[in-house]
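Novice: just coords:
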């Protein structure tokens, strides 16, 4: 069967740059041509991307679109090599690659950790952790002539600390898990590095699971192990490790990027920052506008049509790996108006909501937690350091080497205004 995507639009395939970079210029160019585009992925793997808001919303909830890699035609044909940088997204066993009853089973197990009550109970802990991290950020700035890397000292350890506490992961593993997560979501990584990162991630998570099995606690890993032991067909060993991997990556990388992107946006839009600092706009609205305007995830792999699917006039053949273009959909002018490129925390979202946390059955389960973490982080950060500003021009900040994650590698900030 010929599985090469057929694009009826009069455009050339978009070749995703493995080195990543800021996605917005390319997104604007692609959106001007249509809501769906033929794409060339690393290794010359043929795929497609859905990037218009309305088309993406339809695609994410379409009954003839699957997440399980058994529907990935090129993979099943043996055409995707080991070490392909995006292979983990397709083959890891967990919620993001499950459909139907399997997805509902895994989601119900995870749902126990993300109930509204459980998330609300985390608020005091998140608030206290945020205060401690701001102390550390202040100390780092003092040692660094007034400048500190906000991403390293604040935006990263907050969500990593929270998700690892939920999972029962000891602090000794945090730095290594973040490094491995970075490698797994990187799109410019070589085959040997990719395979080594996945192997080590499985080993680290195996050690975490073994520790929790030996010393059960009030944490999600213990609950997942118990569920597996109570009913052997509920959660396989591979599903356990896959679920832990996905939860750690999604549970900290997305919120890390969200906080980082929000601070960048506010520092370069001081009029908007002033509205939030004056209490005229809620910090929660800052979070929502950041999610729309500079989504923490740019293009997320993968979904596969289970039959030839026509979307916005473009045919997506059965078995094609499709990327969900969240960063593009967030600035789609057809959905968000002619000023979609403008960061505006007063924006009316009653008619059109962003899709940056997903839509349909696979809507991000951790969305309430991510929103709470980011809201608390921003409010405390700018309350304590109202004059905080970038310590280098925003366009010069080094970008992530990935077209999956959307952010910068570091965020040097000056916490206080320079003395005259």
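Specialist: The structure has been received and is ready for your questions. Quantities reported herein were computed from a predicted structural model and do not represent experimental measurements. Numbers count the residues shown, from 1 in each chain.
Novice: now residue 325: how far from residue 410?
Specialist: Distance, residue 325 to residue 410, by C-beta to C-beta, to the nearest Å: 26 Å. C-beta: built from backbone N, CA, C; applies to glycine.
Novice: before we move on, what about residue 255?
Specialist: Noted for residue 255: a distance of 17 Å to residue 410, by C-beta to C-beta.
Novice: go on, residue 270?
Specialist: For residue 270, the distance to residue 410 equals 21 Å [C-beta to C-beta].
Novice: then residue 340?
Specialist: Counting by C-beta to C-beta, the gap from residue 340 to residue 410 is 28 Å.
Novice: which of these two has more neighbours?
Specialist: residue 340 (21 against 14; other C-beta atoms under 10 Å).
Novice: in which helix or strand does the more buried one reside?
Specialist: Residue 340 belongs to no helix or strand when assigned by DSSP states H and E.
Novice: ok, now which ones touch it?
Specialist: For residue 340, the contacting residues are 330-333, by C-beta atoms under 8 Å, 6 or more residues apart in numbering.
Novice: so for it, what's the pLDDT?
Specialist: With respect to pLDDT, residue 340 scores 97.
Novice: residue nearest the centroid of the chain?
Specialist: Per C-alpha atoms, centre = their mean, the C-alpha nearest to the average position across the chain is that of residue 254, at 3.5 Å.
Novice: if I pick that residue, what's in contact with it?
Specialist: Listed by C-beta under 8 Å, 6+ apart, the contact partners of residue 254 are 159, 296-297, 364, 366, 370.
Novice: ok, so of those, who is nearest residue 114?
Specialist: Using C-beta to C-beta, residue 366 comes nearest to residue 114 of these, at 5.9 Å.
Novice: hang on, isn't that closest one packed against residue 249?
Specialist: No. Between residue 366 and residue 249 there is no contact under C-beta atoms under 8 Å: 11.1 Å.
Novice: okay if I get the contacts of residue 254 as a markdown table plus pLDDT?
Specialist: Below are the contacts of residue 254 laid out as a markdown table (pLDDT from 0 to 100):
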| residue | pLDDT |
| --- | --- |
| 159 | 92 |
| 296 | 96 |
| 297 | 96 |
| 364 | 90 |
| 366 | 89 |
| 370 | 94 |
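Novice: what two of the residues you listed have the greatest distance between them?
Specialist: Between any two of those (C-beta to C-beta), the greatest distance is 14.0 Å, for 159 and 297.
Novice: buried sites along stretch 152-160?
Specialist: 153-160 (16 or more other C-beta atoms under 10 Å).
Novice: which other residues reach that stretch?
Specialist: 126, 129-130, 133-134, 136-137, 140, 174, 177-178, 251-252, 254-256, 259-260, 263, 370, 373, 377, 381, 410-411.
Novice: out of the residues you listed, which are buried?
Specialist: Buried members of those, scored by 16+ other C-beta under 10 Å, are 126, 129-130, 133-134, 137, 140, 174, 177-178, 251-252, 254-256, 259-260, 263, 370, 373, 377, 381, 411.
Novice: redo the contacts of residue 254 as CSV? Include distance to residue 236 and secondary structure.
Specialist: Compiled in CSV, the contacts of residue 254 are given as follows (distance: C-beta to C-beta, whole Å; DSSP: H, G, I helix; E, B strand; the rest coil):
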residue, distance to residue 236, secondary structure
159, 28, helix
296, 30, coil
297, 27, strand
364, 23, coil
366, 22, coil
370, 28, helix
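Novice: going by distance to residue 62, which of those wins?
Specialist: The closest of those, once distances to residue 62 are taken by C-beta to C-beta, is residue 364, at 18.1 Å.
Novice: how about the closest one: what's its closest non-neighbour residue?
Specialist: Distances taken as C-beta to C-beta, 6 or more residues apart in numbering put residue 357 closest to residue 364, at 4.2 Å, once the chain neighbours are dropped.
Novice: now that neighbour, what are its backbone angles?
Specialist: Per-residue torsions, residue 357: phi -110, psi 20 (degrees, to the nearest 10).
Novice: got a list of what it touches?
Specialist: Counting by C-beta under 8 Å, 6+ apart, residue 357 touches 291, 363-364, 367, 370.
Novice: can you pull the buried residues of stretch 200-209?
Specialist: Buried, per 16+ other C-beta under 10 Å, within stretch 200-209: 201-202, 204-205, 208-209.
Novice: contacting residues around the helix or strand bottoming out on mean pLDDT in the chain?
Specialist: The helix or strand of the chain with the lowest confidence, counting by mean pLDDT, DSSP states H and E, is helix 220-230 at a mean of 76. Contacts to helix 220-230, defined as C-beta under 8 Å, 6+ apart, come from residues 109-110, 112-113, 166-169, 208-209, 212-213, 216, 234-237, 240, 243-244, 247.
Novice: can you point out the buried residues in that helix?
Specialist: Neighbour counts over helix 220-230 (16+ other C-beta under 10 Å) mark 220-225, 227-228 as buried.
Novice: so residue 310 lies in a strand, does it not?
Specialist: Yes. According to DSSP: H, G, I helix; E, B strand; the rest coil, residue 310 belongs to a strand.
Novice: the residue nearest to it when sequence neighbours are not counted and residue 55: what is the separation?
Specialist: Nearest non-adjacent residue to residue 310, counting by C-beta to C-beta, 6+ apart: residue 316, 7.6 Å away. For residue 316, the distance to residue 55 (C-beta to C-beta) stands at 10 Å.
Novice: return every residue with contacts to both of those two.
Specialist: Contact criterion C-beta under 8 Å, 6+ apart; residues shared by residue 316 and residue 55: residue 36.
Novice: of those two, give the one with the bigger neighbour count.
Specialist: Using other C-beta under 10 Å as the criterion, residue 316 and residue 55 rank with residue 316 on top: 27 against 22.
Novice: which strand residues bridge the more buried one?
Specialist: residue 309 (DSSP bridges).
Novice: how near is it to residue 307?
Specialist: Here the criterion is C-beta to C-beta. By it, residue 316 lies 10 Å from residue 307.
Novice: strands of the protein, residue ranges please.
Specialist: Using DSSP state E, the strands of the chain run over residues 14-15, 36-41, 45-50, 65-66, 147-149, 299-305, 309-311, 314-316, 322-325, 389-390, 412-414.
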